[in-house]
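Student: Here is a sequence with its predicted model. Questions after.
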Amino acid sequence: MWRTASLYCAVATATVEECLRDIHRGHVSVALPRLNDLKAVSSTVQGIDYARALCFLFDKEKSNLLAARQSLLEELRLHPEHHKARTLLHEVNDTARVLLAPPAVVRKQYPLFSLLFDALFDSTMLTWPRLLNLYQATDRLARLDTQRGTSGDSGHVVECGTAGGGSAVLMAVVLAEAEAASDARASPLRRVFALDSFTGMPPPTAKDRLVSTSLSAVSPFQFKPPQSPDEATASWGTGTCRSPAAHVRQLARNFGVDDRLEVIEGLFADSIPTHLLSRSDIQQDGVALLHIDADWYASTRAALEPLIPLMRRRAVDKDVANIHPTPHRMVQVDDYHYWQGCRDAVNECVAGWGDAPPRICDVDDNAVWFAVQRDGVNDTPPMYTHNP
């Protein structure tokens, strides 16, 4: 077995070296498909994502700085001692920070968010509007706790599609800060559950094609460039968006929230029923905030189908529910405006709610959010301040 693995590693390493030579000769169109093939078979050989970053930078027709940046981040999550990748990332970030940073008015209004955005800049794929939407939703949950002195039935936070862990850690820090700032404990340790396969994206299906409008979309935030459906699923498909679970756990330790953030590994179809829904705290408190960054139809449905009913359910403790009216809950879904399969999964889910489907609201040109009303509750959900 070890001989087979060693041979495969040697072949993959040689392929990366050949691709680097092709890139320097200007043959990006030759190198990138070969590198994508290595990603698709879950190869973790050093240099694959570094070489992919060079392809995204040096493609004369479809150069994409932000796609290159994401590839470099993935390289460094897997190989933190890759000095060439780190040096190139510093150079890329000089430009990327200008493109991706929130405006001054947002920084002034949300100083903690501004600090967290800068600190987690290299740990997330999310744009600042998407991160801010999650920040606001989490802050609202935390303020409910401090106002009541108890978490009541307001629920936990679940993220399906964690990758580098930046958004999960951000939400955990917001909860922890609210607890520290209050006289009473903000919750009986309201948790953030970070779910991911941590082996990269699973294979797409025929449903997972680009949304037609995204083919011509141009956005300063879009690291997935306009391209053909085949190119899109190859360049950001099977095996991509990978991060070791240990990386996320270490990030949580670095921010002092490792007691609040729990990593759950595996495909959602397996991990949600087996490792999440089986927990007594999830069954007791439910899920108040759900963030899905799963791209594909099957993955998005695997998250929505079991978790939405749990989010709609009223408190297990009826006395608590009577004292504190149960608030609405929120779902944010990334890539709704990019991948058709993701959009279909969301639309099918909300269509099944009967005569009162939720309003789907844009976060930016990629992501959406919608409120989940509790059974028997007709409160009006708040609009978050940066949304129209």
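Tutor: Sure, I can see it.
Student: Doesn't Leu66 belong to a helix?
Tutor: Yes. Counting by DSSP: H, G, I helix; E, B strand; the rest coil, Leu66 is found in a helix.
Student: How is the protein partitioned into domains?
Tutor: 2-100, 104-372 (automatic domain parsing).
Student: Low-confidence ranges, the chain, go.
Tutor: Residue ranges of the chain with pLDDT under 70: 1-5, 145-154, 183-188, 213-233, 314-327, 376-388.
Student: Swap in 90 and give it another go.
Tutor: Where the chain drops to pLDDT under 90, the residues are 1-10, 42-43, 60-62, 141-154, 178-190, 212-235, 285, 312-328, 352-357, 373-388.
Student: longest helix of it?
Tutor: Longest helix in the chain by number of residues (criterion: DSSP state H): helix 2-24.
Student: In that one, which residues are buried?
Tutor: Neighbour-count burial for helix 2-24 flags Ala12, Thr15, Val16, Cys19, Leu20, Asp22, Ile23 (criterion: 16 or more other CB atoms under 10 Å). Using the backbone N, CA and C atoms, a C-beta is placed for each residue, glycine as well.
Student: ok, back up a step: among the domains of the chain, which is the most enclosed?
Tutor: domain 104-372 (a mean of 19; mean count of other CB atoms under 10 Å).
Student: which residues sit in contact with Pro273?
Tutor: Pro306 (CB atoms under 8 Å, 6 or more residues apart in numbering).
Student: Against Val368, how distant is it?
Tutor: As judged by CB to CB, to the nearest Å, Pro273 and Val368 stand 25 Å apart.
Student: show me where the stretch 51-200 of the chain has helices.
Tutor: Counting by DSSP state H, counting those that start in this stretch, the segments of the stretch 51-200 of the chain that form helices are 65-78, 83-100, 104-109, 111-119, 128-148, 166-181.
Student: give me phi/psi at Val263?
Tutor: Phi and psi for Val263, reported as degrees, to the nearest 10, are phi -90, psi 130.
Student: residues contacting it?
Tutor: Val263 makes contact with Thr162, Ala194, Asp196, Ala245, Val248, Arg249 under the criterion CB under 8 Å, 6+ apart.
Student: Now for the third one: which residues touch it?
Tutor: What that stands for is Asp196. Asp196 neighbours (CB under 8 Å, 6+ apart): Cys160, Gly161, Thr162, Ala163, Ser243, Ala245, Val248, Val263, Glu265.
Student: Quickly list what it is bridged to.
Tutor: Beta-bridge pairing of Asp196 under DSSP bridges involves Glu265.
Student: so how far is Arg313 from it?
Tutor: Here Asp196 is placed at a distance of 25 Å from Arg313 (CB to CB).
Student: With the second one instead?
Tutor: Distance of Ala194 to Arg313, computed by CB to CB: 22 Å.
Student: hang on, the earlier thing: redo the buried residues of helix 2-24 as JSON lines? Include distance to Trp128.
Tutor: Formatted as JSON lines, those follow (distance: CB to CB, whole Å):
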{"residue": "Ala12", "distance to Trp128": "36"}
{"residue": "Thr15", "distance to Trp128": "37"}
{"residue": "Val16", "distance to Trp128": "33"}
{"residue": "Cys19", "distance to Trp128": "33"}
{"residue": "Leu20", "distance to Trp128": "33"}
{"residue": "Asp22", "distance to Trp128": "36"}
{"residue": "Ile23", "distance to Trp128": "31"}
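Student: Closest one of the residues you listed to Asp285?
Tutor: Ranked by distance to Asp285 (CB to CB), the buried residues of helix 2-24 are led by Ala12 at 44.9 Å.
Student: Could you pull up phi and psi at Gly239?
Tutor: According to degrees, to the nearest 10, Gly239 has phi 90, psi -10.
Student: what sits against it?
Tutor: Contacts for Gly239 (CB under 8 Å, 6+ apart) come out as Leu38, Lys39, Ala40, Val41, Ser42, Ser43, Thr199, Gly200, Met201.
Student: and the residues you listed as a markdown table, adding secondary structure?
Tutor: Formatted as a markdown table, the contacts of Gly239 follow (three-state DSSP):
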| residue | secondary structure |
| --- | --- |
| Leu38 | helix |
| Lys39 | helix |
| Ala40 | helix |
| Val41 | coil |
| Ser42 | coil |
| Ser43 | coil |
| Thr199 | coil |
| Gly200 | coil |
| Met201 | coil |
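Student: Could you export those to a markdown table, including columns for distance to Arg143?
Tutor: Shown next, in a markdown table, are these (distance: CB to CB, whole Å):
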| residue | distance to Arg143 |
| --- | --- |
| Leu38 | 47 |
| Lys39 | 42 |
| Ala40 | 44 |
| Val41 | 47 |
| Ser42 | 42 |
| Ser43 | 45 |
| Thr199 | 37 |
| Gly200 | 37 |
| Met201 | 35 |
